[in-house]
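Trainee: predicted coordinates and the sequence they were generated for:
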Amino acid sequence: MSSPTSPTETPPPRSWTRWIPLALIGLGLVAVIASGAYKYLSLDTLKANRDVLRTFVADNVALAAACYVGLYLLVTMMAIPGSLWVTLAGGFLFGVAGGAALTWFAAMVGATTLFLAARGALASILERQATGWLARLRDGFRRNAFNYLLFLRLMPLAPFPVVNIAPAILGVPTRTFVLATAIGIIPGTFVYTFLGAGVGAVLDQGGEPDLSLATKPMIWGPLVAFGALALAPVLYQAWSRRKRGAEG
């Protein structure tokens, strides 16, 4: 009698192993929140330590950049509250160009990591159980995944972690996710990095940074226009299908 599997065969991976990356991310988030460490990601922390941080960056540019990228990656990947203040710190410490480049890279890596972890854990389950409205939502999102994602990145109508996880559940290809994210987060990254770059001068003069500029129409107006442009092909396709249905 032969055994079910020969010694040379590799047993199939257990389904629970797909949950390990997402579980580790979740445990990390719980630990950060329980310890209160996320509270240090604030404007007050930046104000209190700005001289020390400036000196460290000036003396150790490469190491400081690596530390910043690592911190931002963890904040993005674990969906830790306070990413806005880290983005501002990037502009404050590395300038507009340097801060925006580092933030963009770290946000991309962190978002993609969370996307892949969620897809590995959840996608296959929901793929089997997707029926009714969920199936229609999945199919519609897949048909226009790039446009939908680009719109959501340009217009932050949903929290950043949600926009990282939802496409994984809906079966969006990794290449589409990465491309739409890479393009869509550029404007917002630049806006907050630009504001962060101006924080130092305001603090040196004893003033209080005014972050309300980020809500001004002159800043977000163009993003609204780009977001509408991203949805234009989707709306046109929907109109065309409806028109063909009416004619048929």
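Mentor: Perfect, I can see it now.
Trainee: pull out the buried residues from the lengthiest helix in the chain.
Mentor: Longest helix in the chain by number of residues (criterion: DSSP state H): helix 83-118. Along helix 83-118, these residues count as buried under the neighbour rule (16 or more other CB atoms under 10 Å): 83-96, 98-108, 110-118. From N, CA and C alone the C-beta is placed, and that goes for glycine too.
Trainee: which outside residues touch stretch 160-168?
Mentor: Here stretch 160-168 makes contact (CB atoms under 8 Å, 6 or more residues apart in numbering) with 76, 79, 83, 111, 114-116, 118-119, 122-123, 141, 145, 149, 152-153, 158, 176-177.
Trainee: mind listing what Tyr68 touches?
Mentor: If a contact means CB under 8 Å, 6+ apart, then Tyr68 has 86, 89-90, 93-94, 102, 106 as its contacts.
Trainee: one more pass at 7 Å, please.
Mentor: By CB atoms under 7 Å, 6 or more residues apart in numbering, the contact set of Tyr68 is 90, 102.
Trainee: let me see the ranges of the strands in the chain.
Mentor: For the chain, strands defined by DSSP state E do not occur.
Trainee: tell me how many other residues crowd Leu195.
Mentor: For Leu195, the number of neighbouring residues by other CB atoms under 10 Å comes to 22.
Trainee: which pLDDT value goes with it?
Mentor: In the prediction, the pLDDT value recorded for Leu195 is 87.
Trainee: same question for Phe105.
Mentor: The predicted local confidence for Phe105 comes out at a pLDDT of 97.
Trainee: residue ranges with poor pLDDT in the chain?
Mentor: By pLDDT under 70, the weakly predicted segments of the chain are 1-14, 123-138, 140, 206-248.
Trainee: from Phe141, how far off is Phe115?
Mentor: Phe115 sits 14 Å away from Phe141, going by CB to CB, to the nearest Å.
Trainee: before we move on, what about Lys47?
Mentor: If you go by CB to CB, the gap between Lys47 and Phe141 works out to 42 Å.
Trainee: the more surrounded of these two?
Mentor: For the pair Lys47 and Phe141, the greater number of neighbours falls to Phe141 (18 against 12), based on other CB under 10 Å.
Trainee: over to the closest residue to that one other than its chain neighbours: give its phi and psi.
Mentor: Leaving aside its sequence neighbours, Phe141 sits nearest to Leu170 (CB to CB, 6 or more residues apart in numbering; 4.6 Å). Its backbone dihedrals place Leu170 at phi -90, psi 0, with angles given as degrees, to the nearest 10.
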